[in-house]
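Student: Using only what follows, build the 3D model:
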Amino acid sequence: MDIQLPGTFLIGGLLLLTILNMNIKILETNSINFLNTIAQETAADIDTIIEYDLSKIGYSVSSTVNPIIVFNDSVLTFLTDVDADQSIDTISFYLSTTAAVAATDNPRDRYLYRTENGSELDVALGITDWEISYLDRDGNQVSQAEDIIMIKISYVVETMIGYDETYGRAVWECGFVPKNLGIVL
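Tutor: Have a look, this model is predicted:
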């Protein structure tokens with residue numbers, strides 16, 4: 001009988017520790033899932049803005065002018081009449097440096113900026129990777145603006161805050177074939 005009571009406490013204690021550990025794991029999993037959901041929603045919001053603007057590349061621009069002004073792996077600048085007011089606008093997308101958002105917990109996040117006629121607006125916070133590819137009809141990378149048929153944008157969004165240094169994360173990739181480039185596929 002003397003051994004049964006301490007044995008019962010030992011087994012009960014181990015069971016209690018197992019339950020507490022399981023609760024901690026559930027909390028961690030729920031927190032990371034919540035952060036991933038936030039990152040996915042942010043990525044979808046960014047896609048909506050990009051899709052709206054890129055679908056208008058070249059809108060109301062003379063067919064003698066190539067509407068794509070600057071194109072490299074991190075910056076896209078193009079001409080369009082974004083608000084249909086008969087005035088050609090210049091739109092750019094690019095990322096800030098990580099130093100611009102040093103106040104967040106995530107050391108990798110940056111702002112995505114959108115400028116319209118020189119007026120800068122931060123579209124989103126949390127982009128950690130951003131790459132733009134310019135492709136021809138066959139899906140090959142191009143180096144001349146007049147050869148661009150498709151624009152592919154890939155980006156990664158992470159949350160500003162994390163759980164135990166794990167940040168919510170979403171990867172997004174989208175391709176656009178702007179109809180106003182004057183190209184018929």
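
Student: Quick one: the strands in this structure, in order.
Tutor: For the chain, the strands defined by DSSP state E occupy 68-71, 76-80, 89-95, 110-116, 119-135, 150-163, 166-176.

Student: Quick check: which of the ones you listed is nearest to Ile49?
Tutor: Nearest to Ile49 among those is strand 119-135; the distance by CB to CB comes to 5.5 Å. The way it works is simple: take the backbone N, C-alpha and C, and place the C-beta from them, glycine included.

Student: What pLDDT does the model give Gly139?
Tutor: With respect to pLDDT, Gly139 scores 88.

Student: Show the contacting residues for it.
Tutor: Gly139 makes contacts with Met150, as judged by CB atoms under 8 Å, 6 or more residues apart in numbering.

Student: how much space between it and Lys179?
Tutor: Separation of Gly139 from Lys179 (CB to CB, to the nearest Å): 18 Å.

Student: before we move on, what about Ile68?
Tutor: According to CB to CB, Ile68 stands 14 Å off from Lys179.

Student: And the two? Which one has more around it.
Tutor: A count of neighbours by other CB atoms under 10 Å puts Ile68 above the other of Ile68 and Lys179, at 20 against 14.

Student: And the nearest residue in space to that one that is not next to it in sequence, how far from Arg108?
Tutor: Distances taken as CB to CB, 6 or more residues apart in numbering put Ala145 closest to Ile68, at 4.4 Å, once the chain neighbours are dropped. Going from Ala145 to Arg108 by CB to CB gives 31 Å.

Student: Extract the residue ranges of the chain that are flagged as low pLDDT.
Tutor: Residue ranges of the chain with pLDDT under 70: 1-2, 182-185.

Student: So the residue nearest to Ile68 versus Thr80, what's the distance?
Tutor: To Thr80, Ala145 is 14 Å away according to CB to CB.

Student: Could you do Leu54 as well?
Tutor: The separation that Leu54 has from Thr80, given CB to CB, amounts to 9 Å.

Student: Likewise for Ile32?
Tutor: Distance from Ile32 to Thr80, by CB to CB: 40 Å.

Student: swap in Asn106?
Tutor: 33 Å.

Student: what about these two, which has more around it?
Tutor: Thr80 (23 against 19).

Student: residue contacts, the more buried one?
Tutor: So Thr80 contacts Asp53, Lys56, Ile57, Gly58, Tyr59, Ser60, Val61, Pro67, Ile88, Asp89, Ile91, Asn180 (CB under 8 Å, 6+ apart).

Student: for Leu5, same thing?
Tutor: Contacts of Leu5 by CB under 8 Å, 6+ apart: none found.

Student: and the strands of the chain as JSON lines, adding distance to Asp47?
Tutor: Below are the strands of the chain laid out as JSON lines (distance: least, CB to CB, whole Å):
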{"stretch": "strand 68-71", "distance to Asp47": "19"}
{"stretch": "strand 76-80", "distance to Asp47": "15"}
{"stretch": "strand 89-95", "distance to Asp47": "12"}
{"stretch": "strand 110-116", "distance to Asp47": "11"}
{"stretch": "strand 119-135", "distance to Asp47": "10"}
{"stretch": "strand 150-163", "distance to Asp47": "9"}
{"stretch": "strand 166-176", "distance to Asp47": "6"}
